[in-house]
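*Asks:* Test case, fold it:
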Amino acid sequence: MKYDLVLEGRILVEGKLIPSAVCILDGRIEAVKRIAPTGSETGDMIRYGKALLMPGTIDSHVHFRDPGQTRKEDFASGTTSAAFGGATTVIDMPNNTPSITNGSELGKKLDIVRKKAHVDFGLYMMITPETNSDGLRALLRKSTVRPTALKAFLGRSTNSLVFDPISDLSSFAGAIEETGTVLAVHPESGRHLKEGSGDGDPKGVLRKHNAMRPPLAERMAVEEAVKALGTASSNLHLLHISTGDGIEASRETGATVEVTPHHLFMDIKWAEAHLENEALGKMNPPLRDTDHRSSLWRALNDGKVDTIGSDHAPHLLDEKSEGSNSPSGVPGVETMLPLLLDSVGKHMTSLERVQHLLCGSPARRFSLEGKGFVSAGYDADITVVDLSSSKRIRGEDLHSKCGWTPFEGMYGVFPQVVYSRGELIVENDVLCSRPGRGRYLSSAS
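*Replies:* Predicted structure coming up:
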């Protein structure tokens, strides 16, 4: 058999890096061989030596602000940033302007963003207490444009329509369970969030924000959502868990757990010491204290975390100059994999764990056919990484429209080359892709 492309490097197999040849035909992996095929079997052969050939990562939690706030980000810039960070699949959140709360709005958004996407993508649709459960069931079963997953905001956040009371989730349990659809929730109970307006003071922003959105709000939202969904809680995905309490509440519920790089790599004490402008570390849920951060790392390494998502939520720098009045959200899609690969070099976690949390596990959780593995039959989404090449992260080097990063000065291992379905999309800091090549990945019918 003649392949279109063969990539030589090392792949991770049962915790070991094995020299291999990945053989690609028509955008998919046809075979993975320990010994390189002969020249007569190949089209192009590219040798990457000892570099890691890992699956393109899946960022199942991004806010690309399109439509409605494209001055901050749009789908072209967001998916460009994703590609440079090694992400070949993203799933975008529905708190746009207008919010994506029905099939009509989902279709309009899809028409806009599919013309801009550099990587494959999915879209969430938001449910609220006003969502019709029968209409939702019909949409999930029969519509030609189905959401990849559903989203509910259990507490207020940027551009969100709050699902209150949480107990009303029970009315959607049947549709969610019958169709096997993932319901991702922002788990902060509105009943436990404190009201108050910001004072614009640039000092103490993060401690004030943590006090207004306490750990109790997270734990109670998890408990209430699980209770409301009953057996459908196995379809529940708990986004950006930020506390040890949230991890504990999620255990043995059937729900899956996401954590974010900002809660893993920053806490309030670190941010106060390293961020000249504390608002650059303001997000929902807030940065927590060091003990909670340590709890997340333990949970990650103990197998109590299922996915890592960037919660990429960019705002412009001038918006982040308003102290405690600054909007919540930070960019992160381009730095997620680099930060985690650097943490492997520092023995904070294992390469096997990182690859599982960023590739295989989200692919399975969101039923993304063909994604998440370097194996025969899967899409040839491959990120090429020199694990020994770590460099300082600088906002000016990144590709989001917002132009900054809360991880300024930290170290990351960035991809050298990225392939999406066998097409070269990034090579040595150069974008080789084109807008509109990304494909929409909906939920299974």
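*Asks:* neighbours around the nearest residue to residue 395 once chain neighbours are set aside, how many?
*Replies:* Spatial nearest neighbour of residue 395, excluding adjacent residues (C-beta to C-beta, 6 or more residues apart in numbering): residue 404 at 4.1 Å. Quick note: C-beta positions are derived from backbone N, CA and C, even for glycine. For residue 404, the count of nearby residues is 20 (other C-beta atoms under 10 Å).
*Asks:* and what of the one 10 residues further on?
*Replies:* Close neighbours of residue 414, defined as other C-beta under 10 Å, add up to 24.
*Asks:* Make 39 the starting number, not 1.
*Replies:* With the count now opening at 39, the last piece we talked about shows up as residue 452.
*Asks:* need the contact list for it.
*Replies:* If you count contacts by C-beta atoms under 8 Å, 6 or more residues apart in numbering, residue 452 has them with 122-124, 376, 423, 427, 429.
*Asks:* By neighbour count, which of these wins?
*Replies:* residue 124 (31 neighbours).
*Asks:* who's in contact with that one?
*Replies:* Here residue 124 is in contact with 92, 94-95, 375-376, 421, 423, 452-453, 456 (criterion: C-beta under 8 Å, 6+ apart).
*Asks:* Need the three-state assignment for the residue nearest to residue 433.
*Replies:* The assignment at residue 442 comes out as coil when based on DSSP: H, G, I helix; E, B strand; the rest coil.
*Asks:* so who does it touch?
*Replies:* Contacts of residue 442 by C-beta under 8 Å, 6+ apart are 318, 355, 358, 369, 433.
*Asks:* Tell me if I'm right that residue 47 and residue 423 touch.
*Replies:* No - using C-beta atoms under 8 Å, residue 47 is not in contact with residue 423; the gap is 9.1 Å.
*Asks:* Now list whatever residues contact both of those two.
*Replies:* 89-90.
*Asks:* The spatially closest residue to residue 466 that is not a sequence neighbour: how many residues sit nearby?
*Replies:* Closest residue to residue 466 apart from its sequence neighbours, by C-beta to C-beta, 6+ apart: residue 454 at 6.4 Å. By other C-beta under 10 Å, the residues close to residue 454 number 18.
*Asks:* Check residue 56 too.
*Replies:* Residues near residue 56, counting by other C-beta under 10 Å: 12.
*Asks:* in the sheet, who's paired with it?
*Replies:* residue 49 (DSSP bridges).
*Asks:* Run a quick check on it versus residue 70, I expect a contact.
*Replies:* No - the criterion here is C-beta under 8 Å, and residue 56 misses it with residue 70 at 9.3 Å.
*Asks:* what residues are shared contacts of those two?
*Replies:* Common neighbours of residue 56 and residue 70 (C-beta under 8 Å, 6+ apart) are residue 49.
*Asks:* Excluding chain neighbours, what is closest to residue 440?
*Replies:* Per C-beta to C-beta, 6+ apart, closest to residue 440 is residue 352, 3.7 Å.
*Asks:* Mind checking what secondary structure that neighbour has?
*Replies:* Per three-state DSSP, residue 352 ends up coil.
*Asks:* Is there a neighbour count for it? I'd like the number.
*Replies:* Residue 352 has 27 nearby residues by other C-beta under 10 Å.
*Asks:* do the one 3 residues further on as well
*Replies:* Per other C-beta under 10 Å, the neighbour tally for residue 355 reads 13.
*Asks:* hang on, the earlier thing: out of the contacts of residue 124, list just those in helices.
*Replies:* Using DSSP state H, 375-376 are the members of the contacts of residue 124 that sit in helices.
*Asks:* that older thread, pretty sure the residue nearest to residue 466 is touching residue 422, no?
*Replies:* Yes - here residue 454 lies in contact with residue 422, judged by C-beta under 8 Å, at a distance of 5.1 Å.
*Asks:* which secondary element of this structure has the worst mean pLDDT?
*Replies:* helix 171-180 (a mean of 92; mean pLDDT, DSSP states H and E).
*Asks:* pLDDT averaged over the helix or strand following that one, what's the number?
*Replies:* Sequence order places strand 187-191 as the next helix or strand after helix 171-180, per DSSP states H and E. Strand 187-191 shows a mean pLDDT of 97.
*Asks:* Low-confidence bits of the stretch 139-288 of the chain, can you list those?
*Replies:* Applying pLDDT under 70 to the stretch 139-288 of the chain flags residues 234-239.
*Asks:* The same query, at a cut-off of 90, please.
*Replies:* Across the stretch 139-288 of the chain, the ranges flagged by pLDDT under 90 are 180-183, 193-199, 232-241.
*Asks:* all helices of it, in order?
*Replies:* In the stretch 139-288 of the chain, the segments counted as helices under DSSP state H, counting those that start in this stretch are 141-151, 171-180, 211-217, 243-250, 253-267, 282-288.
*Asks:* Just put those helices in a markdown table and tack on distance to residue 51 and mean neighbour count.
*Replies:* A markdown table is the format used below for these (distance: least, C-beta to C-beta, whole Å; neighbours: other C-beta atoms under 10 Å):
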| stretch | distance to residue 51 | mean neighbour count |
| --- | --- | --- |
| helix 141-151 | 36 | 17 |
| helix 171-180 | 37 | 16 |
| helix 211-217 | 35 | 19 |
| helix 243-250 | 42 | 20 |
| helix 253-267 | 35 | 23 |
| helix 282-288 | 30 | 22 |
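*Asks:* Compare those helices and give me the one nearest residue 230.
*Replies:* Closest of these to residue 230 is helix 253-267, at 3.8 Å (criterion: C-beta to C-beta).
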